[in-house]
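Undergrad: Generate a structure from the sequence data that follows.
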Amino acid sequence: MASSIYVPLAERLRPRALGEVIGQAHLLGDGMPLRLAFESGRPHSCILWGPPGVGKTTIARLMAQAFDAQFITISAVLGGVKDIREAVERAEAARESPHGQPTIVFVDEVHRFNKAQQDAFLPHVESGLFTFVGATTENPSFEVNSALLSRATVYVLQPLSDADLQALIDRALATGEVPRLEPAARQRLIAYADGDARRLLNTLETVAMTARGQGRETVDDAWLLRTLGEGVRRYDKAGDQFYDTISALHKAVRGSDPDAALYWLARVLDGGVDPRYVARRMIRMAAEDIGLADPRALRLALDAAEVYERLGSPEGELALAEALVYLAVAPKSNAVYRAYQAVRTFVARDGTRPVPMHLRNAPTPLMKQLDYGKGYRYAHDEPDAFAAGQTYFPEGLVPPTFYRPVPRGLEIRIGERLAELRQRHAQASAAGDPAAGPGEP
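TA: Modelled structure (predicted):
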């Protein structure tokens, strides 16, 4: 009699061999680190760090299979020291069995164990009683004890690419349990999955059950939207709405409107965008639109990103909101951004000019004999630590002005300082001071 126990599609499609794994080619491809570990025949303790649905549990299971090891799973959400003790007892029994079977202890969401619980693994990892494999979605540098971290290799798993998810859809379609998907529907499902194989397969299973109930053999984009509802409609990472909303957030900050910036932040997060993406975008805002008008903005954006990494959602989102308001009300300057764009264009057109002799490094006697570094004036030995008149551009190039500070924020003072330095340069040149160019040291 056939079993009536329900097994989710994601579990049924879980790879049973290393060659069936989709994605993580940077770890599992030929000659790659984790592939070599499998082929070595010697298991080693490791931590698999990556977002949900990228194959952490699958790799751990395949590791046990490859090494013919007993596989013990502990959930750090539900487990505790009692479960660790039981794992130790089972590992000892397996080691003392006639075949001396090794053991792999897999700890899912290891970052949820406290320090004492993590410390409980140390003596057994050290003695080789079992191989420890931890899975985490959080940065192990912050969430895993340094003692345990030093005894385990960290492998970073990446979200599945669109091509990987396409291959996963094809594998699901091959089972005959999923209806045919029109191209637009496939793309929307891939965007919704956002690199998460489990999310994709669970959604496909929901779509398949609903389609069967309606006698539908083909799924188009319009039907998919009606069936899955608001979440998949709003979170369209591949579509215009995603980019338009992010654009609105950036423009509200640039336009110094904190209320609008907060509104678009809420819209972006409500739409399912990864807050880490928002944090990266805010770092760019600080560098591009605020710049040296308020250098603290960049540090605050970086701090907010780090806070989110430590706290996650929803607590970490408050740090993003706080930094966003600061960015919105900070004085604005794109002077460095414009200067960098201008100098890149200039260099591309101007070609490669030789470095002037007085600016070249002279670490050997031969280079000194060839006049490398001759005439260079060490600024710290000059009045006010400024070598007035010394040139730093290639010879024959009329010094262009790329950076033009704006009259806002700290760049007001920067502009005043630059004006003073340029005046001193001009005075040194007008006076015919031999120091105005590369002269005798």
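
Undergrad: Which of the helices or strands spans the residue nearest the centre of the chain?
TA: Centroid check for the chain by Cα atoms, centre = their mean gives residue 276 as the closest residue, at 7.8 Å. For residue 276, the host element (DSSP states H and E) is helix 275-285.

Undergrad: What helices and strands are in contact with the next helix-or-strand element following that helix?
TA: Next in sequence after helix 275-285, counting helices and strands by DSSP H and E, comes helix 296-311. For helix 296-311, the contact count by 3 or more Cβ pairs under 8 Å, 6 or more residues apart in numbering; DSSP states H and E identifies helix 275-285, helix 315-329 as packing neighbours. Every C-beta, even on glycine, is put in place using the N, C-alpha and C of the backbone.

Undergrad: Figure out which of these is closest to residue 247.
TA: With Cβ to Cβ, the closest approach to residue 247 among the helices and strands packed on helix 296-311 belongs to helix 275-285: 10.1 Å.

Undergrad: what angle sits between that closest one and helix 296-311?
TA: Relative orientation of helix 275-285 and helix 296-311, computed by axes from the mean of the first three to the mean of the last three Cα atoms, to 10 degrees: 170 degrees.

Undergrad: Give me the helices and strands touching helix 275-285, please.
TA: helix 240-254, helix 258-270, helix 296-311, helix 315-329.

Undergrad: How about stretch 81-92, which residues are buried there?
TA: Across stretch 81-92, burial judged by 16 or more other Cβ atoms under 10 Å covers 83, 84, 87, 88, 91.

Undergrad: what's in contact with that stretch?
TA: 70, 72, 74, 103, 105, 116, 117, 120, 121, 124, 129, 130 (Cβ atoms under 8 Å, 6 or more residues apart in numbering).

Undergrad: one more time with 6 Å
TA: In this structure, residues lying in contact with stretch 81-92 by Cβ atoms under 6 Å, 6 or more residues apart in numbering are 72, 74, 103, 105, 117, 120, 124, 129, 130.

Undergrad: from the chain's centre, how far out does it sit?
TA: With Cα atoms, centre = their mean, to the nearest Å as the basis, stretch 81-92 stands 35 Å off its chain's centre.

Undergrad: do stretch 109-116 as well
TA: How far stretch 109-116 lies from its chain's middle: 22 Å, per Cα atoms, centre = their mean.

Undergrad: What of stretch 302-319?
TA: With Cα atoms, centre = their mean, you get 14 Å for stretch 302-319.

Undergrad: Show residues contacting it.
TA: 139, 142, 275, 279, 320, 323.

Undergrad: redo that, cut-off 7 Å
TA: With contacts defined as Cβ atoms under 7 Å, 6 or more residues apart in numbering, stretch 302-319 is touched by 139, 142, 269, 275, 276, 279, 282, 283, 320, 322, 323.

Undergrad: The residue nearest to the first one when sequence neighbours are not counted and residue 324: what is the separation?
TA: Put plainly, it is residue 139. Excluding the flanking residues, the one nearest residue 139 by Cβ to Cβ, 6 or more residues apart in numbering is residue 309, at 5.6 Å. Separation of residue 309 from residue 324 (Cβ to Cβ, to the nearest Å): 17 Å.

Undergrad: Strands along this structure, start to end?
TA: Here the chain has its strands, by DSSP state E, at 46-49, 70-75, 103-108, 131-136, 153-156, 180-181, 218-219.
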